[in-house]
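Asker: sequence and predicted structure are below.
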Amino acid sequence: MKALILNGERKGENVLDFFQEAVVHAISDDGWLVETVVLREKKIAWCTGCFGCWTKTPGTCVIDDFGKILANKVVQSDLMIYLTPVTFGGYSSELKKAIDRFACSLLLPFFTKIDGEVHHKARYQHLPSLIGIGILHGPEEESGQIFAKLVERNAINIHSPSVQSAVYYLSQDRGQIVESLRSILRNFVK
């Protein structure tokens, strides 16, 4: 089983190292092959909304940078983990940029209904499950709720077979965080 961690920490920040290490250890202990991509270290342009990944080069972004490689890594994964500082309830700009780049290429320009809602059809039969891990400096209940809903809605859009999210605070006990992460990750071990 392959897991892909997308670390969305922005340049100049240094708060996700502990969380990344905890996730890698927890999931590696269960036999997963883990790859971590620190997005700020990669050249990924913003999506231009040209839909070339639907019309000109189906399934592949027309922009030639790491964003094209990232889409392939996503499709080849069984589990994708978003690791990000929570910004106004959402993802960091680094993670948002990456998601915008690969999400469209995972989909077809045709529609289907999911639970009564209209969504794009999946391009691939196998897409990864999704875990969203958000980090806040301190308790912000509303931001945590928005983050959880965002992860859930994104999982529907990219046809993830299962989804879970968690929000942690930098002031939380590290031992509690590790146990919570292990518990979440155990749900995805088959």
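Answerer: Great, that's in hand. Numbering: from 1, shown residues only.
Asker: ok, the residue most central in space within the chain - contacts?
Answerer: Computing the C-alpha centroid of the chain and ranking residues by C-alpha atoms, centre = their mean puts Tyr82 first, at 3.3 Å. By C-beta atoms under 8 Å, 6 or more residues apart in numbering, the residues touching Tyr82 are 6, 8, 91, 95, 99, 130-133, 151. For every residue, glycine as well, the C-beta is placed using N, CA and C.
Asker: so what strands line up beside the helix or strand where it lies?
Answerer: Using DSSP states H and E, Tyr82 sits within strand 79-85. The strands beside strand 79-85 in its sheet (DSSP bridges) come out as strand 2-7 (parallel), strand 129-136 (parallel).
Asker: report the angle between the helix or strand just after the first one and strand 2-7.
Answerer: Right, strand 2-7. Going down the chain from strand 2-7, the next helix or strand is helix 17-28, by DSSP H and E. Relative orientation of helix 17-28 versus strand 2-7 (axes from the mean of the first three to the mean of the last three C-alpha atoms, to 10 degrees): 170 degrees.
Asker: which elements pack onto helix 17-28?
Answerer: When contacts are defined as 3 or more C-beta pairs under 8 Å, 6 or more residues apart in numbering; DSSP states H and E, helix 17-28 sits against strand 2-7, strand 33-38, strand 79-85, strand 129-136, helix 174-186.
Asker: what about that helix, distance to the chain center?
Answerer: Here helix 17-28 is found 15 Å from its chain centre; the criterion is C-alpha atoms, centre = their mean, to the nearest Å.
Asker: do the same with stretch 121-137
Answerer: 5 Å.
Asker: repeat that for stretch 150-165.
Answerer: 9 Å.
Asker: just the endpoints, please. Distance across it?
Answerer: This stretch, stretch 150-165, spans 10 Å end to end (C-alpha to C-alpha, to the nearest Å).
Asker: contact partners of the longest helix along the chain?
Answerer: Using DSSP state H, we find that the single longest helix of the chain is helix 141-157. Applying C-beta under 8 Å, 6+ apart, the external contacts of helix 141-157 come out as 82, 86, 88-91, 99, 103, 107, 114-115, 117, 119-120, 130, 132, 134, 136, 162-163, 165, 167.
Asker: quick one: contacts of the next helix or strand after that helix?
Answerer: As assigned by DSSP H and E, the chain's next helix or strand after helix 141-157 is strand 163-169. If you take C-beta under 8 Å, 6+ apart as the criterion, strand 163-169 is touched by 19, 86, 129-139, 143-144, 147-148, 151-152, 155, 177, 180-181, 184, 187-188.
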